Structures are given as structure tokens and as C-alpha cells.
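Novice: Take this sequence and fold it.
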Amino acid sequence: MEPCAKEKEIDHICERIDKIEENIEGNGKPGMKFELGEIKIEQRHMNTFLKDLNTNMAAVMKFMIESQMSSRIKLQTRDVVNMVITAILSASAIATAFIVAGGR
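Specialist: Sure thing, here's the model as predicted:
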């Protein structure tokens with residue numbers, strides 16, 4: 001039987017596979033497998049944080065809209081009160097003019 005002509009290439013491929021396994025497993029330090037787990041945990045925390053942030057932003061937007069609507073309603077109420085006061089003063093002025101004119 002003849003020696004394998006591809007023995008060097010096979011050894012090289014085996015070395016590369018060993019290095020890849022070390023990178024994945026970590027070989028005594030955190031490897032890609034560990035880091036991926038940490039990334040998943042961090043992403044879950046980020047998703048929870050973003051949901052909370054979204055809820056808070058919705059509450060802020062609701063508050064802002066309600067505040068604007070409330071101020072518009074107050075503005076409209078103020079305008080109505082001003083119109084009523086103006087009408088009363090105008091009616092009083094007319095009535096006073098009739099009284100004064102009728103007394104002459």
C-alpha cells in the first residue's frame with residue numbers, strides 16, 4: 001500500500017478544525033459559544049427595555065395630547081367667557097343709554 005499523497009493537506013485541515021473548535025468552545029477562556037449566550041441574554045434585556053421604553057413613550061405622548069386638548073378646551077372656554085362678558089357689558093351700555101335718553 002502506498003502512502004497517502006494528501007496527508008499534509010489532511011493534517012493542515014485537522015489543525016484548522018482544531019483552531020475553529022478552540023474559538024467556538026473557548027479553550028479555557030470564553031469562546032464564541034459563551035459569547036453568543038451572553039448576546040442572547042443581553043438581547044432579551046434590550047427587548048424588555050425597549051418594550052418598557054415604548055410603553056413610557058406612549059404614556060408621554062398621551063399626556064402631551066391630553067394637555068394640548070385641555071389647553072385648547074380652556075382657551076375655548078376663556079373665549080366664551082370673554083364673549084359673554086362683552087355681551088353683558090354691551091347690553092348694559094345700551095340699557096344705560098336708553099335710560100339716560102329716556103330721562104331727558
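
Novice: quick one, phi psi at Gly31?
Specialist: The phi/psi pair for Gly31 (degrees, to the nearest 10) reads phi -100, psi -170.

Novice: Spatially nearest residue to it, not counting backbone neighbours?
Specialist: Nearest in space to Gly31, with sequence neighbours left out and distances taken as CB to CB, 6 or more residues apart in numbering, is Glu25 at 4.9 Å. The C-beta positions use only the backbone N, C-alpha and C, and glycine is treated the same way.

Novice: packing partners for the helix or strand where Phe63 lies?
Specialist: For Phe63, the element it lies in under DSSP states H and E is helix 32-102. On a contact count with 3 or more CB pairs under 8 Å, 6 or more residues apart in numbering; DSSP states H and E, helix 32-102 meets helix 7-25.

Novice: How about residues contacting the helix it packs on?
Specialist: With contact meaning CB atoms under 8 Å, 6 or more residues apart in numbering, helix 7-25 is reached by 4, 31-33.

Novice: and what of stretch 33-43?
Specialist: Residues outside stretch 33-43 that contact it (CB under 8 Å, 6+ apart): 24-26, 30.

Novice: Adding pLDDT, write the contacts of helix 7-25 out as a markdown table.
Specialist: Output for the contacts of helix 7-25, formatted as a markdown table (pLDDT from 0 to 100):
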| residue | pLDDT |
| --- | --- |
| Cys4 | 79 |
| Gly31 | 90 |
| Met32 | 92 |
| Lys33 | 92 |
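
Novice: can you put those residues in CSV and add neighbour count and distance to Ser67?
Specialist: As requested, the contacts of helix 7-25 are arranged in CSV below (neighbours: other CB atoms under 10 Å; distance: CB to CB, whole Å):
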residue, neighbour count, distance to Ser67
Cys4, 9, 81
Gly31, 15, 53
Met32, 14, 50
Lys33, 11, 51
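
Novice: Kind regards, and thank you for your time.
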